[in-house]
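Participant: predicted model and sequence below, questions to follow.
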Amino acid sequence: MSKIVPENEVLYHIGLSREMIKNAKYAVLPGDPGRVEMIARQMDENAVHLATNREYTSYLAYVDEIPVLVCSTGMGGPSVGIGIEEFAMIGIQNFIRIGTCGAIQKNIELGELIITSAAVRLEGTSLHYAPQEYPAVSNFSLTQSLVDASEALKVPHYIGVTASSDTFFPGQERYDSYSGYVRRHFQGSMDEWQQLNVLNFEMEAATLLTICSVFKLRAACICSVVANRTKTEVLDKSKYAGSMANCIQIIADAIKADNAK
């Protein structure tokens, strides 16, 4: 049986209650707490700060009178998992991750967007919810709304499989770390994911998609490309502001369209 908490109960990690989010059913989830206000205020210049606790900074925005929770989840799967549990307890049913990623296909350019159709589970949190064989898939309808909005705005984007790693360095076969060491298990892995037509690396999508599927919730993911790993290991945010603005507008339009279905 699903647990919904009393209206005024403030949950331990996210610092939010049902009453605070004004019956919001949609949540937009960046990783970085520093991006939350920017995202919320592009959606709604009158967005209101709700809480800041640990990695969870939250704002409430309205998109055409639709209440939308914007809340950071930090980096990686464990804090995403805790967040989903508590967001669901206060009534959130639809989750859209917004973030940055590293592309691993040569044709993808900086500033372009990747919409995740499914994710490779290179993380451990989702294993506490479902066996390895269980697929991490986006909700089709919610994802289609992101695709439709991207096409309507004529924003360059790709749709495909994402690899979600628990680590930024060895799990993504990065050799620019402190030690330069990558376990034998991961050596050559990026080439293999390229051959399997995986589009990008990031750290949260697989956890989000798996848990939401298990809970009969809806989830989708859209990320801005800040590096192309086939060309350089260096992150480049020169096109970040414009690309992120596109992401936010796409999400707002997708929420409006999805809510009208």
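Facilitator: That came through, no problem. Residues are numbered from 1 along each chain as shown.

Participant: using CSV, list the CA coordinates for the biggest helix by length in the chain.
Facilitator: If you go by DSSP state H, the chain has its longest helix at helix 240-260. What follows is helix 240-260, C-alpha atoms only, in CSV (Å, rounded to 0.1, in the frame of the first residue of the first chain):
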residue,chain,number,x,y,z
TYR,A,240,25.4,26.1,-20.9
ALA,A,241,23.2,29.1,-20.2
GLY,A,242,21.4,29.0,-23.5
SER,A,243,21.1,25.3,-23.5
MET,A,244,19.7,25.2,-20.0
ALA,A,245,17.2,27.9,-20.8
ASN,A,246,16.0,25.7,-23.7
CYS,A,247,15.7,22.8,-21.3
ILE,A,248,13.6,24.7,-18.9
GLN,A,249,11.3,26.1,-21.6
ILE,A,250,10.9,22.6,-23.0
ILE,A,251,10.0,21.2,-19.6
ALA,A,252,7.5,24.0,-18.9
ASP,A,253,5.8,23.4,-22.3
ALA,A,254,5.9,19.6,-21.7
ILE,A,255,4.2,19.9,-18.3
LYS,A,256,1.4,22.1,-19.8
ALA,A,257,0.8,19.6,-22.6
ASP,A,258,1.0,16.6,-20.4
ASN,A,259,-1.4,18.1,-17.8
ALA,A,260,-3.9,18.8,-20.6
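
Participant: that helix: which residues count as buried?
Facilitator: Within helix 240-260, the residues scored as buried using 16 or more other C-beta atoms under 10 Å are 240, 243-244, 246-255, 257-259. Using the backbone N, CA and C atoms, a C-beta is placed for each residue, glycine as well.

Participant: mean confidence for that helix?
Facilitator: Helix 240-260 carries an average pLDDT of 97.

Participant: any idea how far that helix is from the chain center?
Facilitator: Mean C-alpha position of helix 240-260 versus that of the full chain (C-alpha atoms, centre = their mean, to the nearest Å) differs by 13 Å.

Participant: show me what that helix is packed up against.
Facilitator: strand 26-29, helix 36-43, strand 56-63, strand 66-71, strand 94-103, strand 113-122, helix 140-152, strand 218-228 (3 or more C-beta pairs under 8 Å, 6 or more residues apart in numbering; DSSP states H and E).
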